[in-house]
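Asker: Next come a sequence and a model predicted from it.
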Amino acid sequence: MNADFHYYATWCAALLAGFTHEESCAIAYSDNFVDACSRSLLSRIGGPSAAATTQLALEMMDARTDIIGLQDITRIWASFHFLPKDLHASPGTDRRYTKKYLSKYRLICGPNSDLMERTVELAKGKSLQAIGVAMHVLCDTWAHQHFAGTPSMVINNVLDSYVYELVPEGDGYRDVKPSFRHSASAPDDIENRIYTHSLNSGSENSIMNLGHGRAGHLPDYSFIRYRYLPAWGNFEEIIKDNPSDFKNAFCQMIQALKYLHGDLETFSRGEYAYDVIADLEPDIDEILKKRQPDAGEDWLSLGKQISNCEIDPFDTDTYIEEYTKANEKEKDDTFLGRFIVAALAQKSMVTGQIYHSGNKLAGRIVDYQKDGFGGMKDYKKLVRDEDTES
């Protein structure tokens, strides 16, 4: 998903769930900051590199693809953007699969998972920043489903020749063939259906085969419906209905936020606050189906309709000065300090669940909840510790 949903739509969802305008702004900012908190930014402000929740394009160009580098990439992308649907999943055929293939297959993202419930529960009673992190992860399970947060050609590749947009026509849809190109500086041409995606690479572990790079930004646009062949799907096509999925994401986000606000005793997968949006549903449907690269202005208008307030445009630097000027004892209580603690907790929880499922693709990590802030280690440090202990 893009900032229009992670920032403006999250602000709307928090307002509808009962949070104040100020609280909703903090949640929305934290949600969208997940896409900004790179190692480069953390280095600039003196924050812990282990709290990175994304990797910039330039960082990815220099990323290692040996086992340590791949585990580092997987920890970030599986924890925050491609939360695994089922860590014990099986392709369900008579074919015999290697352990390496199964490990990657089991990282395929999808909504309504055990890990999604754990993500929401992890934010219960925590900071607004922790709630924002959880909302980012929850929403991305809908947009990024069917792709995995680890570099893998056999899982994430998409054939250019078998991608079709489903354009409404009469009572159904007609297929329209889009065009793809690789040009990092060129924006998608929505009107002419020309999209940018990652280069086709025959290397299994190439970063070009990370997540939905081979499908470009199609998974991130709320308006689009399309069908394609996933590399892992045994030649069975997937039909992706983003307007429906994004609506489910919005309503599930409200449900989770009501639980985190204290209005619901429990939160369970498969529950959606459709009743909350009943009066606004036509407006929301119009936003989701409108063919545009950025729906931020439309979500902003909806939020103003809900609250008579307005959220400031997202600015990555908004809270940096507060963090950099705080002394070491005060940093954890700054806005970014609370975000960093939340990010460390989420990454530790997801990586721990992957590791304890028998999957080594994300490496091993010390339990942040058990051992506290100092327990979050880089993989190299953990290797040295484990060698010492053995």
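Answerer: Structure received. Numbering: from 1, shown residues only.
Asker: Could you use CA atoms for every contact and neighbour count after this?
Answerer: Fine.
Asker: Need the residue closest to the centroid of the protein.
Answerer: H81 (2.5 Å; Cα atoms, centre = their mean).
Asker: Name all residues that make contact with that one.
Answerer: By Cα atoms under 8 Å, 6 or more residues apart in numbering, H81 lies in contact with H136, V137, D140, T141, H144, G149.
Asker: among these, who's most crowded?
Answerer: G149 (29 neighbours; other Cα atoms under 10 Å).
Asker: Surely that residue touches W77?
Answerer: Yes. Counting by Cα atoms under 8 Å, G149 touches W77, with 4.7 Å between them.
Asker: Okay, now the unreliable bits of this structure?
Answerer: Scanning the chain for pLDDT under 70 picks out 365-390.
Asker: tell me the strands in it, going along the chain?
Answerer: Applying DSSP state E to the chain gives strands spanning 158-169, 172-176, 179-181, 194-196, 225-230, 238-241.
Asker: Direction included, what does the third one pair against?
Answerer: Paired strands of strand 179-181, with direction, are strand 194-196 (parallel) (DSSP bridges).
Asker: Pull the distance from the strand it pairs with to the chain's centre.
Answerer: 21 Å (Cα atoms, centre = their mean, to the nearest Å).
Asker: again with stretch 209-223
Answerer: Counting by Cα atoms, centre = their mean, stretch 209-223 comes out at 12 Å from the chain centroid.
Asker: So what touches that stretch?
Answerer: 1-2, 77, 82, 143-144, 147-153, 156-158, 195-201, 208, 224, 242-243, 246, 288-293.
Asker: Which of the residues you listed fall within helices?
Answerer: W77, A143, M153, N156, N242, P243, F246, L288, K289 (DSSP state H).
Asker: Output the residues you listed in TSV, with distance to D171 appended to each entry.
Answerer: Output for those, formatted as TSV (distance: Cα to Cα, whole Å):
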residue	distance to D171
W77	39
A143	25
M153	37
N156	32
N242	18
P243	17
F246	22
L288	19
K289	16
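Asker: Using ChimeraX, define a selection of the buried residues within these.
Answerer: Of the ones in helices among the contacts of stretch 209-223, the buried ones can be selected in ChimeraX as follows, counting by 16 or more other Cα atoms under 10 Å:
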select :77,143,153,156,242,243,246,288,289
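Asker: Out of the strands of the chain, flag the one nearest F335.
Answerer: strand 194-196 (34.7 Å; Cα to Cα).
Asker: What residues of that closest one count as buried?
Answerer: Buried-residue list, strand 194-196, by 16+ other Cα under 10 Å: Y195, T196.
Asker: Now tell me what touches that strand from outside.
Answerer: In contact with strand 194-196 (Cα under 8 Å, 6+ apart) are residues 178-184, 186-189, 216-217.
Asker: Out of the residues you listed, which comes closest to R106?
Answerer: G216 (22.1 Å).
Asker: The closest one and K325, how far apart?
Answerer: Taking Cα to Cα, to the nearest Å as the measure, G216 falls 39 Å from K325.
Asker: higher neighbour count, those two?
Answerer: Neighbour comparison, G216 and K325: the larger count goes to G216, with 18 against 11 (by other Cα under 10 Å).
Asker: Out of the ones in helices among the contacts of stretch 209-223, flag the one nearest to M349.
Answerer: Using Cα to Cα, those come closest to M349 at W77, 13.5 Å.
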